[in-house]
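J.: What follows is a predicted structure for the sequence shown.
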Amino acid sequence: MINPIKSTAVSVFIFMLCLSACKSSAPLDENSQHGAISVVEQANNSGSVNNVGANSEGTTLQVDGSSSTGPNLSGSAVSGYAQQSGVFNLLPREIIGWDERGWSIYEPSADSRLIYVSSTDGNDDSGEYYAPQDIIDIRNPANIKPFKTIQAAIDRTRKGYPDWILLRRGDEWHVEARTELKGGRSIDERSVFTSYGVSPIRPVLSRSDGREMIRIWSDRNYIIVAGISFYATGRDPESPFFMGWGNLGDVDGILIYGPGGTRMGSVLIEDNQFNFLSKGISIDGEADHVDIVIRRNIIRNSFSENGHAQGMGASSASVLLEENIFDHNGWLVQQTFKDGRDQKLGQATMFNHNTYFRRSKNTIFRDNIFLRSSSIHNKWTANPTIKGVDDIVSENLVMENNLYVEGEIGISAGGNDDFNTGHRWANIKIMDNVMLAIGRGRPTNRNLAWYIDAIDWDGGEICGNYLLKNDDQNVQNINGIKLNGHSRNVRISNNLIYDLMMSSPSNNNGGLRMNEDPKSNIRVSGNNFQLTGSLMRPIITENVESSTFENNIYNSEAESDQWFRVNGDNLSFTEWQSVANDNSSSTDKSNFSEPERDFKTYLASIGLNPTIDDFVDSASDQPERTWNEQFSAKKINDYIRQGYGYTSCD
C-alpha cells in the first residue's frame with residue numbers, strides 16, 4: 001500500500017491509490033489523510049476568497065479552533081482519536097475529482113468480510129460472509145448465501161476492521177432498535193454499509209422501533225454509509241402504514257453521537273435518501289465530530305409533532321456538506337397560527353429548518369440545493385459558553401455556490417443567545433450563492449423574507465451572491481443583507497440584490513440593513529441594488545461612520561429623498577454621498593438580458609414540469625451512483641447568472 005502522506009491541516013493531500021483489493025491488513029497511522037483537503041484550501045481553491053483563515057488583525061487562525069474558548073474541536077488528541085478538525089478526507093481521488101462521475105472510490109481490503117443481506121432471499125441460519133477474492137463482482141455477486149436481517153450481518157462484523165454490509169437493492173427492512181454500526185480500521189480502510197444487486201431501487205430501511213434507524217457511537221470511526229433509502233413509512237400520511245396523528249414518535253435516519261471529552265469522525269454519508277423522518281441526519285453530543293463528509297444525498301419532508309425537526313442537525317461538528325438536495329424540511333403543512341409555534345399535524349414552525357448547526361467550526365457548505373424550508377435554510381448558532389459573556393463559539397464557516405428557493409430566511413449566522421457584549425462568530429464566508437423567492441409560501445404564516453442575516457461577526461465576507469425576486473405581496477418584512485450586533489472586519493461586496501418587492505419604504509427593511517450596535521471596518525463595495533418596482537430603500541444604517549461605501553449601484557422606486565436612511569434620517573443620493581463619503585457609487589438602472597430567469601424557467605428548460613415537487617421526485621428517481629448535472633446547483637446557478645450577467649467574489 002502507498003505510504004500515507006502526512007502534513008498539517010492547511011495542506012492539500014492528493015494521492016493515487018491501488019484500486020484493486022491489494023491493501024495491507026496492518027493498521028494505518030490514524031493521522032493518514034489520503035485525498036484530504038482542509039477548510040483553508042477548499043476556500044482558496046474556489047478562486048473567490050483569499051486569507052480565509054485571517055482574523056481581525058490579519059494573522060492566521062488555526063483551523064483547529066485553538067483561538068476559541070468554545071468547544072474543543074482542536075487538533076490535539078481527545079480520547080485517542082487524532083484526526084484534525086477542518087481536514088476532509090475525500091477518499092482516493094485523482095486531481096480532477098473522484099471517479100469520472102464524481103463518486104467516492106472505496107474498495108474492500110484483503111481481510112474485509114463481505115456480508116450480504118436480503119430480506120426476500122436471505123436466511124440468518126444459513127447465511128455466510130465472504131472474502132473479496134471469493135467474489136468476482138462485489139456489487140453483483142453470484143451464488144451467495146445472504147443473511148436475512150441487518151442485525152445478523154452486524155453481528156458478523158468486527159470492530160476496527162474494514163468489513164462490508166451490503167443490502168440487496170429492491171428489498172426492504174423493518175429496523176429494530178439499537179442498530180449500531182461498527183467502525184473500520186483507518187481513513188482508507190473503513191467499514192461500509194451499502195447495497196448490491198441489479199435493481200435500480202435502493203434498499204429501504206422503512207420503519208424503526210428506535211429513536212433512529214442507524215447509530216454511530218463515539219468509539220466507532222472510519223465508516224461509510226452509501227446508497228440506502230431511509231424512509232419512515234409509518235410517518236408518511238400517504239402510506240398505508242401511517243400510524244396516525246398523535247402517534248408519531250420522532251425518528252432520525254442516521255445518528256452520529258459522541259459524549260464530551262471525546263473525538264470521533266472520518267464518516268462518509270453519500271448517495272442516500274431520507275424521507276419523512278424527524279431528522280434525516282443528526283450529529284449530537286458534546287464530542288468533537290471531525291471529518292464528516294456528506295455528499296449527494298436527498299433529504300426531504302422531515303417533520304415532528306412533538307418537538308423540533310430539521311433536515312440535518314449538528315453539534316460541535318466539522319462537516320463538508322456537498323451537492324446534497326434538501327427539500328421541505330421541518331414541516332408538512334403550513335402553520336395555522338400567526339405565532340408560528342403549533343406543531344400539530346406536522347405544521348411548519350420557526351424552530352425547524354433545512355439545516356441547524358450549533359457550535360460549528362471548520363465547516364463547508366458547497367454546491368447544495370436548499371428548497372422550501374420551514375423557516376431557515378441554513379441556521380447557525382453560536383451560544384456563548386459563559387452566561388453573560390459573548391465569545392467566539394463558531395468560526396471558519398464557508399457557504400459557497402448553494403441554491404436557496406423559498407423558505408422564509410436564507411442564511412442566518414446569528415440569533416439565539418446574545419448578551420450584547422462582543423463577537424460570537426469569526427471568519428464566516430457567504431459567497432457566490434443564489435437565493436430565489438425567499439418568503440414565498442409563508443410556511444410559518446409569518447410576514448418574513450430575510451435573505452442573509454449576520455450578527456456579531458469578527459471577520460467575514462458576504463460576496464458574489466444573487467438575492468433575487470421576492471414575489472409574495474403578503475410578505476413585507478424583507479431584508480437583503482442584515483449586519484447587526486458587534487461586527488467588525490466584514491466585507492460586503494459584488495452582490496446583486498434584485499426585485500425585493502416592498503410596497504412602502506420601511507424604516508427597518510432594506511437592501512442592506514445595519515443596526516446601531518458597535519461596528520468597525522465594514523466595507524461595502526461593488527454591490528448592485530436593483531429594486532425595480534419596489535419601494536425598498538437600498539441602504540439603512542446606524543453605523544455609517546464605521547463603514548466604507550464605494551463603487552455600488554443604487555436603484556429604487558422609492559421617492560428620491562427616501563432612498564437612504566442614516567441614524568433615523570431619510571436622505572437623497574446627494575445627501576447620502578456627503579454623509580457616507582460615497583463618491584464612487586452611482587444611481588443607474590441595470591438592463592439585464594434575461595431577468596425573468598428563475599427556478600421554474602430552469603425546470604421548463606430541461607423538460608420538467610416547473611414545480612419543486614417534480615424536480616425533487618425526478619432527482620430521487622435516479623438510480624444509485626447516478627449523477628445528472630441537470631439536477632445540480634452548479635448547473636442551475638450558472639443558468640440563473642447568465643440572465644443577469646456574472647458577478648462573483650474577487
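T.: Good, I have the coordinates. Treat the numbers as computed from the prediction; the structure is a model and nothing was measured.
J.: Leaving out sequence neighbours, find the closest residue to Asp284.
T.: In space, Asp284 comes closest to Tyr257 once its chain neighbours are excluded; the distance is 5.1 Å by C-beta to C-beta, 6 or more residues apart in numbering. Glycine gets a C-beta too; all of them are placed from N, C-alpha and C.
J.: With His377 instead?
T.: Nearest non-adjacent residue to His377, counting by C-beta to C-beta, 6+ apart: Phe370, 4.0 Å away.
J.: The residue lying closest to Ile606 once chain neighbours are set aside: neighbour count?
T.: Across the structure, with C-beta to C-beta, 6+ apart as the measure, the residue nearest Ile606 apart from its sequence neighbours is Gln630 (4.9 Å). The number of residues packed around Gln630, counting by other C-beta atoms under 10 Å, is 16.
J.: pretty sure Gln630 is touching Leu603, no?
T.: No. Using C-beta atoms under 8 Å as the test, Gln630 is too far from Leu603 to be in contact (9.5 Å).
J.: Return the residues in contact with the residue nearest to Asp284.
T.: Residues touching Tyr257, when contacts are defined by C-beta atoms under 8 Å, 6 or more residues apart in numbering, comprise Arg215, Ile216, Trp217, Ser218, Ile283, Asp284, Gly285, Ala287.
J.: how about JSON lines for those residues, with distance to Ile105, pLDDT and secondary structure added?
T.: JSON lines is the format used below for these (distance: C-beta to C-beta, whole Å; pLDDT from 0 to 100; DSSP: H, G, I helix; E, B strand; the rest coil):
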{"residue": "Arg215", "distance to Ile105": "26", "pLDDT": "94", "secondary structure": "strand"}
{"residue": "Ile216", "distance to Ile105": "22", "pLDDT": "95", "secondary structure": "strand"}
{"residue": "Trp217", "distance to Ile105": "27", "pLDDT": "91", "secondary structure": "coil"}
{"residue": "Ser218", "distance to Ile105": "28", "pLDDT": "85", "secondary structure": "coil"}
{"residue": "Ile283", "distance to Ile105": "25", "pLDDT": "97", "secondary structure": "strand"}
{"residue": "Asp284", "distance to Ile105": "30", "pLDDT": "95", "secondary structure": "strand"}
{"residue": "Gly285", "distance to Ile105": "30", "pLDDT": "93", "secondary structure": "coil"}
{"residue": "Ala287", "distance to Ile105": "28", "pLDDT": "91", "secondary structure": "coil"}
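J.: what's the burial count for Gly280?
T.: In terms of burial, Gly280 registers 32 neighbours under the definition other C-beta under 10 Å.
J.: what helix or strand does the residue nearest to His377 sit in?
T.: Applying DSSP states H and E as the criterion places Phe370 in strand 369-371.
J.: now do His377
T.: In this assignment (DSSP H and E), His377 forms part of strand 376-381.
J.: now His174, nearest residue through space, not along the chain?
T.: Arg207 (5.0 Å).
J.: Pretty sure the one you found sits in a strand.
T.: Yes. Secondary structure of Arg207 (DSSP: H, G, I helix; E, B strand; the rest coil): part of a strand.
J.: Thought Thr233 was touching it, still the case?
T.: Yes. If you go by C-beta under 8 Å, Arg207 and Thr233 touch, sitting 5.7 Å apart.
J.: So for these two, which residues contact both of them?
T.: Both Arg207 and Thr233 are contacted by Phe241, under the criterion C-beta under 8 Å, 6+ apart.
J.: Give me the distance from the strand holding Phe370 to the chain's centre.
T.: Centroid separation between strand 369-371 and its chain, computed with C-alpha atoms, centre = their mean, to the nearest Å, is 9 Å.
J.: Just give the number of residues close to Leu90.
T.: Other residues within reach of Leu90 by the criterion other C-beta under 10 Å amount to 22.
J.: Point out where the stretch 1-150 of the chain drops to low pLDDT.
T.: Applying pLDDT under 70 to the predicted model, the residue ranges of the stretch 1-150 of the chain that meet it are 1-34, 40-80, 93-97.
J.: Pull the contacting residues for the nearest residue to Gly422 once chain neighbours are set aside.
T.: Leaving aside its sequence neighbours, Gly422 sits nearest to Asp390 (C-beta to C-beta, 6+ apart; 4.2 Å). Counting by C-beta under 8 Å, 6+ apart, Asp390 makes contact with Pro384, Asp418, Phe419, Asn420, Thr421, Gly422, His423, Arg424, Asp456, His486.
J.: Surely the fifth one is in a helix?
T.: What it means is Thr421. No. With three-state DSSP as the criterion, Thr421 is coil rather than part of a helix.
J.: does the nearest residue to Thr611 once chain neighbours are set aside sit in a helix, a strand or a coil?
T.: Distances taken as C-beta to C-beta, 6+ apart place Leu603 nearest to Thr611, at 7.3 Å, with adjacent residues excluded. Applying three-state DSSP to Leu603 yields a three-state assignment of helix.
J.: Check whether Leu603 really touches Asp613, as I assumed.
T.: No. With contact defined as C-beta under 8 Å, Leu603 does not count as touching Asp613 (10.5 Å).
J.: quick one, which of these two is more surrounded?
T.: With neighbours defined as other C-beta under 10 Å, Leu603 and Asp613 compare such that Leu603 has more, 19 against 13.
J.: got the contact list for the more buried one?
T.: Contacts for Leu603 (C-beta under 8 Å, 6+ apart) come out as Asn609, Pro610, Thr611, Asp614, Phe615.
J.: what's the answer for Asn447, then?
T.: The contact partners of Asn447, by C-beta under 8 Å, 6+ apart, come to Asn474, Val475, Gln476, Asn477.
J.: Now with 6 Å, please.
T.: Counting by C-beta atoms under 6 Å, 6 or more residues apart in numbering, Asn447 makes contact with Val475, Gln476, Asn477.
J.: any idea how far Ser503 is from it?
T.: 12 Å (C-beta to C-beta, to the nearest Å).
J.: thinking again about what came up before, in terms of pLDDT, where does the residue nearest to Asp284 sit?
T.: Per-residue pLDDT puts Tyr257 at 95.
J.: Could you report the distance from it to Gly313?
T.: 12 Å.
J.: List phi and psi for the residue nearest to Asp284.
T.: Note on Tyr257: its backbone torsions stand at phi -140, psi 130 [degrees, to the nearest 10].
J.: Make sure I have this right: Gln630 is in a helix.
T.: Yes. Under three-state DSSP, Gln630 falls within a helix.
J.: can you pull the contacts of the residue nearest to His377?
T.: Counting by C-beta under 6 Å, 6+ apart, Phe370 touches Phe326, Asn354, His377, Tyr404.
J.: you'd agree the second one is up against Gly311?
T.: Yes. Using C-beta atoms under 6 Å as the test, Asn354 is close enough to Gly311 to be in contact (4.6 Å).
J.: what sits in contact with each of those two?
T.: Overlap of the contact sets of Asn354 and Gly311 (by C-beta under 6 Å, 6+ apart) consists of Phe326, Asn329.
J.: mean confidence for whichever helix in the chain runs longest?
T.: Using DSSP state H, we find that the single longest helix of the chain is helix 633-644. The average pLDDT within helix 633-644 is 97.
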